[in-house]
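J.: No letters, just coordinates:
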């Protein structure tokens, strides 16, 4: 039977459809259209106000100031951001794949936004009621890193989405990935993966393994907390996730995956003595001086321009100088009595049995008492007069017995003071010699060494102290010390220009000035060892470093000429004894720096020309353009002659004799070279020990002393404490350098036997005696001084570094 719905029923159904289907549908469509219109309006209003992409299309990141050796070894870098910018093709494929696996494996297929990821993030945020989870693609991270903050808000996310599409419409995928891998922050001031590879593994990005690439790819998630230095274990958890993703995406094979997971991760650190830090430490005095010179030119702007500064030093020469200074200081320290532990700490009983707590205890100790290269800090677990047990790493005790205790036996005696006693909780320093540990003091004495080319003043190497990281005071340029007998050659040179000869007999008897003569206290200087003879020739006076001879030569020269003469070598007259006490200058009573001495002795080495020491050869900007180039003064330009060529020739002959049969005789005998000249120096009460030695091609100065002047010891001399540093360096620096024979005598100079005569003071007229009986010939003062030094300062940055004259360098 057919039935038909009544009109009333049809009307009811139509009303239901309209009310519950059509109206909500139209309402939703209206809402949707409004949302679309709002979105279009928002995009229309926002898009023109989005940042210009010039920062990306003309990418110029803040690149640090880098200081290099002459052979292009990085010595140091300065700046808030460590960064090495690479082209995408220079970034190894394994690193690119690790990043894609960790951050955005759909990077090359989506349009900038991974909507499936966005959906998951939205769902998570709605579920939790928070705005914690995102779905950032690499492009979105680039947008945020360049232009936006990391704030988690819907408004910031909207801007990020629009900016992401703008980036995708402007740059290629490869360009975006390249920007990301150079710009992303990866902890410890490292920006970009190339810088991070150097920071964490001390290697080029091209050399990282799969395991290391996965470690680096783990860092962007939380760079300050999850990085290999701050938390290796947390980073390795993330690394395993990255490796799992790389395997799943077929970026690596199962064998590569297994090998990467098994690989031990070795993180570069200063404590581990990684080569990067060794280079930086050895070159740090050089780099710091170069940095200060650059800062004087550019101020704070110097640290982000990507300038590369190339210095005059060679990395191997710098290494040799570092080794020589360290060896000299440590040898001195071993000769002296052990002064006791660095600190006495309370070490709870049994703490060493808890590796975690002991590791924390040791870490605190090492932060307060850092290692210094091969000199290592350790904590004493137990001590007796026959055995000391130490610990540097939790669970790894070190036992010292027998001869290993020789240096510290006084501190193990029962009657030693508490401050010097080695006991449980003592912090001591140890060194390893021939597979045997020994206790040693962290040196209190300091040293310095500088070598330069006397032809143009290029500094070949410079070490300003025992360890830059224990104090950056550069004793080569900043320590003003009494030079002692190393100053005598300049007094003798003045005597030669006033009519003396190498064979002039000079009284060696005691010299006395009364209180009336000095205007204060009597002055009665002494020879070393209080040993005197009736007289010595000028030559022998230098060989034996006789104080009485030097004083009488200076007395004969006179104060006015002496002050003018020494200024030609770059010495500051204001830092020398005043005119009324000028005779003390004969004993080196003024103040000089080691670099000043190197520049002054260069005048002898190069035949009489003043040169300015310099340390920067050229500066290159981030585009590879040379913006500064050194133009040093060079020996041979007569405009810069400061002493007579004959004086330089005779002084070289005398100083070679000092190195052959005088106080520096070990130098020629050990190095087997007859072109070495030099002079030892020891100040009053052995406060300073010096040696200055040179060949015609290389000048070197070594110094040893305490920063707060005090005696090195009664038997410590320049020949015993400082000269070995010089010899250690020169044994390597001169190894393959041909011996240079004396050149032709200058015009106006003649030789008779072992003596030399200027034409102004020929044989029979030259002074034959000073204070040693009646002399014949001209009185002192007859010779004219050499041509006055002309102004040889160069006004640009590089040559403005002129430490051989004027006030002390202030940085």
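T.: Everything's here; your move. The model shown is predicted, which means the values in this text are computed figures rather than measured ones.

J.: quick one: stretch 748-755 to chain centroid distance?
T.: Relative to the centre of its chain, stretch 748-755 is centred 48 Å away, using CA atoms, centre = their mean, to the nearest Å.

J.: Spatially nearest residue to the residue nearest the centre of the chain (excluding sequence neighbours)?
T.: Centroid-nearest residue in the chain: residue 284, 0.6 Å away (criterion: CA atoms, centre = their mean). Nearest in space to residue 284, with sequence neighbours left out and distances taken as CB to CB, 6 or more residues apart in numbering, is residue 468 at 4.0 Å. (C-beta placed from N, C-alpha, C; glycine too.)

J.: same check, this time on residue 328
T.: Per CB to CB, 6+ apart, closest to residue 328 is residue 725, 3.8 Å.

J.: Quick check, pLDDT for the one you found.
T.: With respect to pLDDT, residue 725 has a value of 98.

J.: ok, it to residue 466 distance?
T.: 12 Å (CB to CB, to the nearest Å).

J.: what is in contact with the two at once?
T.: Overlap of the contact sets of residue 725 and residue 466 (by CB atoms under 8 Å, 6 or more residues apart in numbering) consists of 325, 447.

J.: Who has more neighbours out of the two?
T.: Per other CB atoms under 10 Å, whichever of residue 725 and residue 466 has more neighbours is residue 725, with 30 against 25.

J.: just checking, that one is part of a helix?
T.: Yes - per DSSP: H, G, I helix; E, B strand; the rest coil, residue 725 lies within a helix segment.

J.: Residue 704 is in contact with that one, correct?
T.: Yes - with contacts counted by CB atoms under 8 Å, residue 725 reaches residue 704, the gap being 7.2 Å.

J.: shared neighbours of these two, anything?
T.: Residues touching both residue 725 and residue 704 (CB under 8 Å, 6+ apart) are 328, 447.

J.: how about low-confidence regions in the chain?
T.: Residues of the chain meeting the criterion pLDDT under 70: 1-27, 30, 32-60, 115-135, 146-160, 269-281, 772-811.

J.: ok, the residue nearest to residue 500 when sequence neighbours are not counted - how many residues close by?
T.: Nearest non-adjacent residue to residue 500, counting by CB to CB, 6+ apart: residue 767, 5.3 Å away. By other CB under 10 Å, 23 other residues sit near residue 767.

J.: Quick check: residue 767 is in a strand.
T.: No - assessed with three-state DSSP, residue 767 is coil; it does not lie in a strand.

J.: List the buried residues of stretch 447-462.
T.: By neighbour count on 16 or more other CB atoms under 10 Å, the buried set for stretch 447-462 is 447-462.

J.: same thing with stretch 381-396?
T.: 381, 383, 388, 389, 390, 391, 392, 394.

J.: go on, stretch 507-525?
T.: 507, 508, 511, 513, 523, 525.

J.: follow-up on the earlier one: is it true that the residue nearest to residue 284 touches residue 283?
T.: No - here residue 468 does not reach residue 283: they are 9.1 Å apart, not a contact under CB under 8 Å.

J.: Please tell me how far residue 322 sits from residue 191.
T.: In terms of CB to CB, residue 322 sits 30 Å off from residue 191.

J.: Burial check on the residue nearest to residue 284, number of neighbours?
T.: Neighbours of residue 468 (other CB under 10 Å): 22.

J.: how about the helices in the stretch 651-800 of the chain?
T.: Along the stretch 651-800 of the chain, counting by DSSP state H, counting those that start in this stretch, helices occupy 665-671, 723-733.

J.: Centre of the chain to the shortest one, how far?
T.: How far helix 665-671 lies from its chain's middle: 31 Å, per CA atoms, centre = their mean.

J.: what comes up buried for it?
T.: Those would be 667, 668, 671, for helix 665-671 by 16+ other CB under 10 Å.

J.: Likewise for the last one?
T.: Applying a neighbour-count criterion of 16+ other CB under 10 Å, one finds 723, 724, 725, 726, 727, 728, 729, 730, 733 buried in helix 723-733.

J.: I figured the first one hits residue 691, correct?
T.: When you say that, I think you mean residue 723. Yes - the pair residue 723 and residue 691 passes the contact test of CB under 8 Å, sitting 4.0 Å apart.

J.: Mind listing the shared neighbours of the two?
T.: Between them, residue 723 and residue 691 share these contacting residues under CB under 8 Å, 6+ apart: 664, 680, 702.

J.: Pick the one among those residues closest to residue 548.
T.: residue 680 (17.3 Å; CB to CB).

J.: residues near the closest one, how many?
T.: Neighbours of residue 680 (other CB under 10 Å): 28.

J.: what do you get for the one 4 residues further on?
T.: By the criterion of other CB under 10 Å, residue 684 has 15 neighbours.

J.: All further residue positions should be reported with the first residue as 29.
T.: Taking 29 as the first residue, the last one we looked at is residue 712.

J.: right, and the residue nearest to residue 528 touches residue 789 too?
T.: Yes - applying CB under 8 Å, one finds residue 795 in contact with residue 789, separated by 7.4 Å.

J.: Identify those among the buried residues of stretch 535-553 that sit within strands.
T.: Among the buried residues of stretch 535-553, DSSP state E puts 535, 536 in strands.

J.: and which of the buried residues of stretch 535-553 is nearest residue 107?
T.: residue 553 (53.2 Å).

J.: which one is the closest one nearest to, not counting chain neighbours?
T.: In space, residue 553 is closest to residue 575, 5.6 Å off (CB to CB, 6+ apart).

J.: go on, residue 609?
T.: Nearest residue to residue 609, sequence neighbours excluded (CB to CB, 6+ apart): residue 546, at 7.2 Å.

J.: how long is stretch 524-532 end to end?
T.: 10 Å (CA to CA, to the nearest Å).

J.: number of nearby residues for the closest residue in space to residue 103 that isn't next to it in sequence?
T.: Using CB to CB, 6+ apart and skipping residues adjacent in sequence, the residue nearest residue 103 is residue 311, 3.3 Å away. Neighbours of residue 311 under the rule other CB under 10 Å: 28.

J.: what's near enough to touch residue 311?
T.: 95, 97, 101, 103, 104, 341, 343, 346.

J.: Please verify my assumption that residue 671 contacts residue 633.
T.: No - when contacts are counted by CB under 8 Å, residue 671 is not listed as touching residue 633 (12.0 Å).

J.: So what's the gap between stretch 313-326 and the chain middle?
T.: 11 Å.

J.: Give me the contact list for that stretch.
T.: Outside stretch 313-326, the residues that touch it by CB under 8 Å, 6+ apart are 93, 95, 97, 103-104, 106, 308, 330, 333, 335, 337, 339, 341, 346, 487, 490-493, 496, 500, 502, 504-505, 643-644, 647, 825-826, 828-829, 839.

J.: Correct me if wrong: residue 536 contacts residue 555.
T.: Yes - with contact defined as CB under 8 Å, residue 536 counts as touching residue 555 (7.4 Å).
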